[in-house]
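K.L.:
quick check, what structure comes out for this input:
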Amino acid sequence: MAFLKVAFGFLVTAFVSATLSLAYPGLGFGWGGGGVPGSQFGAPSYGLFPQFYQFSCPQAEDIVMSVLEKAIANEPRMAASLLRLHFHDCFVQGCDASVLLDDSATIVSEKNSLPNRNSIRGFEVIDEIKAKLEEACPQTVSCADILAMAAHGSTVLSGGPSWELPLGRRDSKTASLGTSNNNIPPPNSTLQNLITLFQRQGLDEVDLVALSGGHTIGVARCVTFKQRIYNQNGNNLPDETLEKTYYYGLKFVCPKSGGDNNISPLDFGSPVKFDNLYFKLILWGKGLLNSDEVLLTGNIGNTMELVKAYAEDENLFFEQFVKSMIKMGNISPLTGFNGEVRKNCHSVN
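P.N.:
Down below sits the predicted model:
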């Protein structure tokens, strides 16, 4: 009732503003409880807030979770794929679902970039969520928000933390193949390269280490770690930081020639459980990718101390992962009248 009284008073005193806020809640006129969602984590909301669909599509979260539960039960690896899809979206012109656009007369798809080609997946799950949302609430829930909700739901369903997810992103009408090639950190990154690419998005080394913890679930292709096994420094020798037993296991999975699409878990101890074992494995010389290992051995800033802290305290990792996911989800969102809500996530309206 208190909310209705406030809303009524607002309508009387500022009819135009209220009308706009109903049509475009992302404009931030206070529909959804006020305050700055995510501010308890020190992250600005940029006009996004958790109650964005409270009136326009109140069943949105339930629809998303019902599809995710079925998809992840059928293929547990899908959780990591959907988490990664959100990451690859946000690092290229912001969290705007540009990663979902297919090639067309006006679009050169990001799906063809080096980090994405034959790698990113989960599109069919996003399509199923979108189809069900369009049925329930036509042209209301954006593809960009679906990616964010899918990443959140996948984390929760894998045993990870939950959080109040700011919503209200709109979808881009453009994609950028070049930015996708240049902004997404490659698996053989040095620590300096990782820090630089994260700083480009307004993310610091704490965010880098915490978000890398997303590798606690999922797998990687042989081609992404073959260099570490056979030719780490151009001398035809393996990465000396690899623990010996783990090294021999990787050789079996990933031969010197061929087998590029063979897969290995990023966290072989609990590959479908979201926990802090990823950080423990790095300490034990059993991190899979070079970009995992350099968090410990890169010798820049405080990344080594952060790896040790998260290995020791899972709650600390979860707490920072939430902060960093909210921060990443707030990278340059389109809100208000910017962008659009696509009817089909693969093409502009």
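
K.L.:
can you confirm residue 126 is in a helix?
P.N.:
Yes: per DSSP: H, G, I helix; E, B strand; the rest coil, residue 126 lies within a helix segment.

K.L.:
now do the contacts for it.
P.N.:
82, 85, 100, 143, 146-147, 150, 345 (C-beta atoms under 8 Å, 6 or more residues apart in numbering). Any C-beta I mention is one placed from the backbone N, CA and C, and that applies to glycine too.

K.L.:
what about those residues, which are in helices?
P.N.:
Among those, the subset assigned to helices under DSSP state H consists of 82, 85, 143, 146-147, 150.

K.L.:
related to what we said a few turns ago, tell me the one of the contacts of residue 126 nearest residue 211?
P.N.:
Lowest distance from residue 211 to those (C-beta to C-beta) belongs to residue 85, with 14.0 Å.

K.L.:
quick one on the thing from earlier: buried among the ones in helices among the contacts of residue 126? Need that as a selection in ChimeraX.
P.N.:
To isolate the buried members of the ones in helices among the contacts of residue 126 in ChimeraX, using 16 or more other C-beta atoms under 10 Å:
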select :82,85,143,146,147,150
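
K.L.:
ok, which pair from the ones in helices among the contacts of residue 126 is furthest apart?
P.N.:
Maximum pairwise distance in the ones in helices among the contacts of residue 126, criterion C-beta to C-beta, is 12.9 Å, between 82 and 143.

K.L.:
residue 272: which of the ones in helices among the contacts of residue 126 is nearest?
P.N.:
Distances from residue 272 to the ones in helices among the contacts of residue 126, taken by C-beta to C-beta, are shortest for residue 82, at 13.0 Å.

K.L.:
for stretch 81-94, what does the pLDDT average out to?
P.N.:
For stretch 81-94, mean pLDDT rounds to 98.

K.L.:
pull the distance from it to the chain's centre.
P.N.:
Chain-centre distance of stretch 81-94: 5 Å, with C-alpha atoms, centre = their mean, to the nearest Å.

K.L.:
ok, of the contacts of residue 126, which one's closest to residue 164?
P.N.:
Looking across the contacts of residue 126 and measuring by C-beta to C-beta, the closest to residue 164 is residue 150, at 16.3 Å.

K.L.:
list the contacts for that closest one?
P.N.:
Counted by C-beta under 8 Å, 6+ apart, residue 150 has contacts 64, 68, 82, 85-86, 122, 125-126, 129.

K.L.:
go on, residue 149?
P.N.:
60-61, 64, 129, 165, 167.

K.L.:
what's the answer for residue 313, then?
P.N.:
Residues in contact with residue 313 (C-beta under 8 Å, 6+ apart) are residue 276.

K.L.:
pLDDT below threshold where in the chain?
P.N.:
1-46 (pLDDT under 70).

K.L.:
so how far is whatever helix or strand residue 308 lives in off the chain centroid?
P.N.:
In this assignment (DSSP states H and E), residue 308 forms part of helix 303-312. With C-alpha atoms, centre = their mean as the basis, helix 303-312 stands 21 Å off its chain's centre.

K.L.:
again, but for stretch 93-101
P.N.:
For stretch 93-101, the distance to the chain centre is 12 Å (C-alpha atoms, centre = their mean).

K.L.:
can I get the CA coordinates of that stretch in PDB?
P.N.:
What follows is stretch 93-101, C-alpha atoms only, in PDB (Å, rounded to 0.1, in the frame of the first residue of the first chain):
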ATOM      1  CA  GLN A  93      30.500  -2.800 -26.500                       C
ATOM      2  CA  GLY A  94      28.800  -3.500 -23.100                       C
ATOM      3  CA  CYS A  95      26.100  -5.900 -21.900                       C
ATOM      4  CA  ASP A  96      23.900  -5.500 -24.900                       C
ATOM      5  CA  ALA A  97      23.400  -9.000 -26.400                       C
ATOM      6  CA  SER A  98      25.500  -8.100 -29.400                       C
ATOM      7  CA  VAL A  99      27.100 -11.500 -29.100                       C
ATOM      8  CA  LEU A 100      23.900 -13.200 -30.100                       C
ATOM      9  CA  LEU A 101      23.500 -11.400 -33.500                       C
END
